[in-house]
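1. please work out how this folds:
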Amino acid sequence: MNTSDFNFVFLGQSVLRYEVPLDVFHTINDIYEKRRDDLYPANKQLVGKIKNEHSLFFNGEDSPKMTKHNHLPSDVMQWFWKKFEHYLIFNKIYDYKMHLNSCWVNEMKEHEYNPVHIHQGSIYTGLSSVMILKLPESYGVEYSASEKQTNGRLQIMGNATGQFCNTDYVPEVRQRDFFIFPYDMRHSVNPFNGPNKRRTLSFNCDVDYNPITSRISS
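-> Predicted coordinates for the structure are as follows:
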């Protein structure tokens, strides 16, 4: 098919998928596994029905729930910064200020889950993310409709509606995947069956920006 007369305009929010470098991937897993017992529990900040939720970084306002801390080295922090920055550049967002807000690990066991939710940091506008750190060998028995695998799946739900619009994204995730999407994009993780664990990381980045300027510039 000849596509020389084709161009692409995307209206709506986007999800960008990156591959995490091996050094960053191993560093994060190593920090979590060695310091897990010393990390702040993040449960009070989160909606997940997950026992093991631990914070690696927090740079918001101190509260009874959480105070500032950082367990991540500068090179890993810089990698996250560059990826969030790339997302904004790719989406033609201009005149913005970024602030790395918080980062935590969810380690899910069977029957645990994350209900549909959105994120926020110190402000309501920004970017969230999901990094795949560890996957179980199997998500267990699909009790019905086994041809459509949904156990343990990440589901991201877009805010755009209308004819021919893709509203749901259920990726086939792999270890080292890193997904970035806006704070107000709803998402969830289904429960699974079996003895193994599913480990993910989320990072929130506040973005203070002028939507009018970005709309005109693009």
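
2. show me the helices in this structure, by range?
-> Ranges of helices in the chain, per DSSP state H, are 22-35, 74-90, 211-217.

3. count residues in the vicinity of Lys51, would you?
-> By other CB atoms under 10 Å, the residues close to Lys51 number 12. Where C-beta positions appear, they are placed from N, C-alpha and C, glycine not excepted.

4. same question, the one 3 residues further on
-> For His54, the neighbour count with other CB under 10 Å is 19.

5. ok, Tyr94 next?
-> Tyr94: 14 neighbours (other CB under 10 Å).

6. of all the helices of the chain, which one is nearest Val189?
-> Proximity to Val189 (CB to CB) singles out helix 22-35 among these, at 17.7 Å.

7. residues touching the closest one, excluding its own?
-> For helix 22-35, contacts defined as CB atoms under 8 Å, 6 or more residues apart in numbering pick out 39, 54, 56, 71-73, 75-76, 79, 105, 131, 133-134, 175-176, 199, 201.

8. next, the angle helix 74-90 makes with it.
-> 130 degrees (axes from the mean of the first three to the mean of the last three CA atoms, to 10 degrees).

9. can you list the buried residues in helix 22-35?
-> By neighbour count with 16 or more other CB atoms under 10 Å, helix 22-35 contains the buried residues Val24, Phe25, Thr27, Ile28, Asn29, Ile31, Tyr32.

10. likewise for stretch 183-197?
-> Across stretch 183-197, burial judged by 16+ other CB under 10 Å covers Tyr183, Met185, Arg186, His187, Ser188, Val189, Asn190, Pro191, Phe192, Gly194, Asn196, Lys197.
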